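Q: pasting the structure only:
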Ligand code: SF4
Ligand code: SF4
């Protein structure tokens, strides 16, 4: 448990940020959670009102405060539409850390975050073991989507349709890389992220193929840790600090032009969330974080903005219809929305058909999906309808977490619409 003085300091700091909210309620109209529950306590304004009395509420009902704060996708829709520029995610993440310091971390989360996630080597071994035996408990659900579901009733899996763990994760296929740039002149540090590494290793392979095609040098150090957002979103700042420090040490070993990831959430975490928490780190680490955040780019943005990939203006015959879902962490957090569309248009075998509200949250929200699967699915149903109505054969996106949610939604509905990362669509042009 945190000492009282430290807790008081953190609460004071939060108070200053809370004062910027003028309670206008503009966040209500865009909150995907509010659209489902209709509860004011679920929207940013309601949570901020709760936090204004955090000190007294924590003493009265810490569990209730935590539950209300945890019920949030951290999608950033509210922040992106707030006229006062309230740093909503900053506030929510800091408040969760304060409550966790006061209450302590649950035993399960301690095991998951401190026992597993904070120890990348052990975590990798554990998941490799799980990958070997997962077939006993699961069966294939859709061949097109590559999804599975539980063979029998397993509370943890419920009726989820999920993509199984890869038999050979990316870090075993290619433990490390350090290549010099060719005519492409740039050297990138490559951060695949946990979902790419363990569930979609072919996406990492595609990224390397694209870098090699453009003669980009690659630095991919061995032993990369999670970006830390699952731990921080649960208020576990101890694990977050550990993971960020491990990654900073690895990526400080080599100079490069950009750090590139194919995961919208990892990009947004490294670029926006790491520098949001300077009080957690030493001056040296903060300098390294700022430097790294300044050169971190989503892979779509790297290809279009740095390499100048352009679909051109030529008329073409219609290709296979593909629709695009804007991940919240890509569009709302980083402002990247045109670049993925450019990459899709660069493949003449496809024709982009926009869905209704392409930037509406898919309902994934990382651990929100684990804790509130029913609401996550209800939010996702709207996305599912928009995808189906677009009459596309493929849905593309830029975040492996969104891919998992969309695959679940489509697979449960029995729809044979393939789900791809934009990078895969672009890479097909290089074959
Ligand atoms: S968070 Fe922003 S949009 Fe929401 S009530 Fe406060 S000022 Fe208005
Ligand atoms: S981050 Fe998303 S879910 Fe959370 S309050 Fe804001 S809009 Fe609602």
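A: That came through fine. It should be emphasised that the depicted structure is a prediction, and the values quoted were computed from it without experimental measurement. Ligands and ions are numbered 1, 2, ... in the order given.

Q: Buried ones in stretch 352-369, by neighbour count?
A: Buried residues in stretch 352-369, counted by 16 or more other CB atoms under 10 Å: 352-353, 355, 358-369. No exception for glycine: its C-beta is placed from N, CA and C like everyone else's.

Q: Of the residues you listed, which belong to strands?
A: With strands taken from DSSP state E, the overlap with the buried residues of stretch 352-369 comprises residue 352.

Q: Would you confirm that residue 419 belongs to a helix?
A: No: counting by DSSP: H, G, I helix; E, B strand; the rest coil, one finds residue 419 to be strand, located in no helix.

Q: So it sits against residue 409, correct?
A: No: using CB atoms under 8 Å, residue 419 makes no contact with residue 409, being 9.7 Å away.

Q: can you pull the contacts of residue 116?
A: 122-123, 126 (CB atoms under 8 Å, 6 or more residues apart in numbering).

Q: What about these, which are in helices?
A: 122-123, 126 (DSSP state H).

Q: Just the buried ones among those residues, please.
A: Burial by neighbour count, judged by 16+ other CB under 10 Å, picks out residue 123 from the ones in helices among the contacts of residue 116.

Q: Identify, from the ones in helices among the contacts of residue 116, the entry nearest to ligand 2.
A: residue 123 (27.3 Å; CB to the nearest ligand atom).

Q: interface residues of this protein facing ligand 1?
A: Residues of the chain lying near ligand 1 by CB under 6 Å from any ligand atom: 21-27, 44-45, 48, 78, 82, 84, 86, 88.

Q: try 8 Å this time
A: With the criterion set to CB under 8 Å from any ligand atom, the chain comes near ligand 1 through 20-28, 43-45, 48, 78-79, 81-86, 88.

Q: Buried ones among these?
A: Here, 16+ other CB under 10 Å leaves 21, 27-28, 43-45, 48, 78-79, 81-82, 86, 88 buried among the residues of the chain next to ligand 1.

Q: Considering only those, which also neighbour ligand 2?
A: Within these, those near ligand 2 by CB under 8 Å from any ligand atom are 27, 43-44, 78-79, 88.

Q: what comes up buried for stretch 136-147?
A: So for stretch 136-147, counting by 16+ other CB under 10 Å, buried means 138, 141-142, 145-147.

Q: can you pull the contacts of the closest residue to ligand 1 within the stretch 251-400 of the chain?
A: The nearest approach of the stretch 251-400 of the chain to ligand 1 comes at residue 332, 13.4 Å away (CB to the nearest ligand atom). Residues in contact with residue 332 (CB under 8 Å, 6+ apart) are 75-77, 79-80, 359.

Q: cool, residue 259 as well?
A: Under the criterion of CB under 8 Å, 6+ apart, the contact list for residue 259 reads 188-191, 251, 270, 292, 295-297.

Q: Sitting in strands, which of those do you find?
A: Per DSSP E, the contacts of residue 259 map to strands at 188-190, 296-297.

Q: can you tell me the helix or strand for the residue positioned nearest the centre of the chain?
A: In the chain, the residue lying closest to the centroid (CA atoms, centre = their mean) is residue 265, at 2.5 Å. Using DSSP states H and E, residue 265 maps to helix 264-268.

Q: Just give me the neighbour total for residue 350.
A: 22 (other CB atoms under 10 Å).

Q: List phi and psi for it.
A: phi -120, psi 150 (degrees, to the nearest 10).

Q: now residue 364
A: Here is the backbone geometry of residue 364 (degrees, to the nearest 10): phi -70, psi -70.

Q: With adjacent residues omitted, what lies nearest to it?
A: In space, and not counting its chain neighbours, residue 364 is closest to residue 405: 3.8 Å by CB to CB, 6 or more residues apart in numbering.

Q: Next, find the distance separating that neighbour from ligand 1.
A: Distance from residue 405 to ligand 1, counting by CB to the nearest ligand atom, to the nearest Å: 25 Å.

Q: CSV for the ones in strands among the contacts of residue 259, including pLDDT, neighbour count and distance to residue 336?
A: Below are the ones in strands among the contacts of residue 259 laid out as CSV (pLDDT from 0 to 100; neighbours: other CB atoms under 10 Å; distance: CB to CB, whole Å):
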residue, pLDDT, neighbour count, distance to residue 336
188, 98, 25, 16
189, 98, 26, 18
190, 98, 24, 18
296, 98, 25, 12
297, 98, 22, 9
